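Student: fold the following, please.
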Amino acid sequence: MRLRRSGRLAALALTPMLALTALFAPLADSGPPMANAQGGTVTVEWFGWSHFRLTSVNGKIIHLNPFIEGNPDATVSVDDITQADLILPADGHGDEVGSTVAIAQKTGARVWAPSELGRWIREQGVPQPQVVSGNQGARMVMDGIVVRTVNSVHGSSVNPPTSTVPYAGLAAGYVITFENGWTVYFTGSSAATQDQALWAELYKPDAMIFHMSGDHDPLDIAMTVRLMTTNNPNLTTLMPHHHRVDPPTGATTVADVQAAMAGMGVNIPITNQVRSQVYEFTK
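Tutor: As a prediction, this is how the structure comes out:
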C-alpha cells in the first residue's frame, strides 16, 4: 500500500456514471471482482464529522455518512456535490444519514442501507429503484467494487419516525473493496465488538475509518483497532471520524487513542486527516 497526499481540495476528474442497471449487478451473477491488473489509485476526502468521499480507480464516487446541513465543520454544501454513484449511511441518526435524501435526489445516486432505513429513505422521496437494502452479511457489487454490510454496536432512530418505520432497525458498518484490491472498513458509530476480529480475518482491510467522538473511551477505540489486526497484516492506515476539528476540553483526541493503542502493543500511526485534503491509496 502506498499513500500520497495532494493539495487538491475538491473537483476530481470523474468518468461519467454508467447506466444504473450495469452499476448494480448482483454479485452472485457476476462472480467476485478481480483486482485491477493495472493497479490504480483510490482517493479519500474527509469533509468533517463522519462525511467522507471515496473515489474509485475507475471514477465511481461513494459518500459515507453525508452529514452536511447542521455540521459546523462541513467544508462542502449539497450544492457542491454534483456527482455521486453510491451513498452509504451507517444508520438513521441525523448526523449519519445526513443529506442522503437530497444528494440521491439531485444526483441519481443509489443508496445502500439496512432494510428499515432504506424503507424510510424511500418514504422521504428517493425513488424506489435507487434504494437497495442490504442487512448485515449482505454484499453488492458496483462496477467491480464490492460493498459488504457488517454489524455496528449503535442505535438507529430516524427523524421523523413514520407509522411504517418508527425505528430504522440495525445500525451498520461497511467493508469496501475497490477495483485495485484496496479495502477499507468504515466502522459507522460502532463500539468495539468481537465480530471485528472475524471481519479482519475475512476481508483483511488495508485501512480503517473509526469512530472517535469526544466521549468515546480511548480504550474501546484502541480495542477496535486491535481486533481489526486479527490475522490481518494489511492494516496500515487509520482515520478517525465523529470528532470536532477543534475538540472541546476533555474530549477524546488522536493522541489519547494512539496512547491506548500503544498500551495494547498496536503501533499503527493514526492519520489526523485534514478536511477536504485528498489522500491517495494504491494496493
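Student: quick one: residue 96 and residue 171, what's the gap?
Tutor: Look at residue 96 and residue 171: by C-beta to C-beta, to the nearest Å, they are 8 Å apart. In short, each C-beta sits where N, CA and C put it, glycine included.
Student: show me the common contact partners of these two, please.
Tutor: Contact with both residue 96 and residue 171 is made by residues 90, 188-189, according to C-beta atoms under 8 Å, 6 or more residues apart in numbering.
Student: quickly list what the residue nearest to residue 184 when sequence neighbours are not counted is bridged to.
Tutor: When the adjacent residues along the chain are set aside, residue 184 lies closest to residue 207, with 4.3 Å between them (C-beta to C-beta, 6 or more residues apart in numbering). As for beta bridges, residue 207 partners with residue 184, residue 237 under DSSP bridges.
Student: just to revisit the earlier point, quick one: which of residue 96 and residue 171 has more around it?
Tutor: residue 96 (28 against 24; other C-beta atoms under 10 Å).
Student: that one: what's it in contact with?
Tutor: Applying C-beta under 8 Å, 6+ apart to residue 96 gives the contacts 50, 65, 67, 89-90, 188-189.
Student: that one: what secondary structure?
Tutor: helix (DSSP: H, G, I helix; E, B strand; the rest coil).
Student: for the one 10 residues further on, same thing?
Tutor: Secondary structure state of residue 106, per three-state DSSP, is helix.
Student: how much space between the residue lying farthest from the centre of the chain and residue 170?
Tutor: No residue in the chain sits farther from the centre than residue 163, which is 28.9 Å out by C-alpha atoms, centre = their mean. Between residue 163 and residue 170 the computed distance is 20 Å (C-beta to C-beta).
Student: on that earlier part again, out of the shared contacts of residue 96 and residue 171, who's the most crowded?
Tutor: Greatest neighbour count in the shared contacts of residue 96 and residue 171, by other C-beta under 10 Å, goes to residue 188: 30 neighbours.
Student: chain neighbours aside, what residue packs nearest to that one?
Tutor: residue 90 (3.1 Å).
Student: can you give me phi and psi for that neighbour?
Tutor: The phi/psi pair for residue 90 (degrees, to the nearest 10) reads phi -80, psi -30.
Student: does it touch residue 170 like I think?
Tutor: No - Residue 90 lies out of contact with residue 170 (C-beta atoms under 8 Å); the separation is 10.5 Å.
Student: what segments of this structure are strands?
Tutor: Taking DSSP state E to define them, one finds strands in the chain at 2-6, 42-46, 52-55, 61-64, 86-88, 110-113, 131-133, 139-142, 145-151, 172-177, 183-186, 207-211, 237-241, 278-282.
Student: would you format those strands as JSON lines with mean pLDDT included?
Tutor: Below are these laid out as JSON lines (pLDDT from 0 to 100):
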{"stretch": "strand 2-6", "mean pLDDT": "47"}
{"stretch": "strand 42-46", "mean pLDDT": "98"}
{"stretch": "strand 52-55", "mean pLDDT": "98"}
{"stretch": "strand 61-64", "mean pLDDT": "98"}
{"stretch": "strand 86-88", "mean pLDDT": "98"}
{"stretch": "strand 110-113", "mean pLDDT": "97"}
{"stretch": "strand 131-133", "mean pLDDT": "93"}
{"stretch": "strand 139-142", "mean pLDDT": "94"}
{"stretch": "strand 145-151", "mean pLDDT": "97"}
{"stretch": "strand 172-177", "mean pLDDT": "98"}
{"stretch": "strand 183-186", "mean pLDDT": "98"}
{"stretch": "strand 207-211", "mean pLDDT": "98"}
{"stretch": "strand 237-241", "mean pLDDT": "98"}
{"stretch": "strand 278-282", "mean pLDDT": "97"}
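Student: reformat these as JSON lines; add mean neighbour count.
Tutor: Below are the strands of the chain laid out as JSON lines (neighbours: other C-beta atoms under 10 Å):
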{"stretch": "strand 2-6", "mean neighbour count": "12"}
{"stretch": "strand 42-46", "mean neighbour count": "23"}
{"stretch": "strand 52-55", "mean neighbour count": "22"}
{"stretch": "strand 61-64", "mean neighbour count": "26"}
{"stretch": "strand 86-88", "mean neighbour count": "26"}
{"stretch": "strand 110-113", "mean neighbour count": "25"}
{"stretch": "strand 131-133", "mean neighbour count": "19"}
{"stretch": "strand 139-142", "mean neighbour count": "20"}
{"stretch": "strand 145-151", "mean neighbour count": "21"}
{"stretch": "strand 172-177", "mean neighbour count": "25"}
{"stretch": "strand 183-186", "mean neighbour count": "26"}
{"stretch": "strand 207-211", "mean neighbour count": "26"}
{"stretch": "strand 237-241", "mean neighbour count": "22"}
{"stretch": "strand 278-282", "mean neighbour count": "19"}
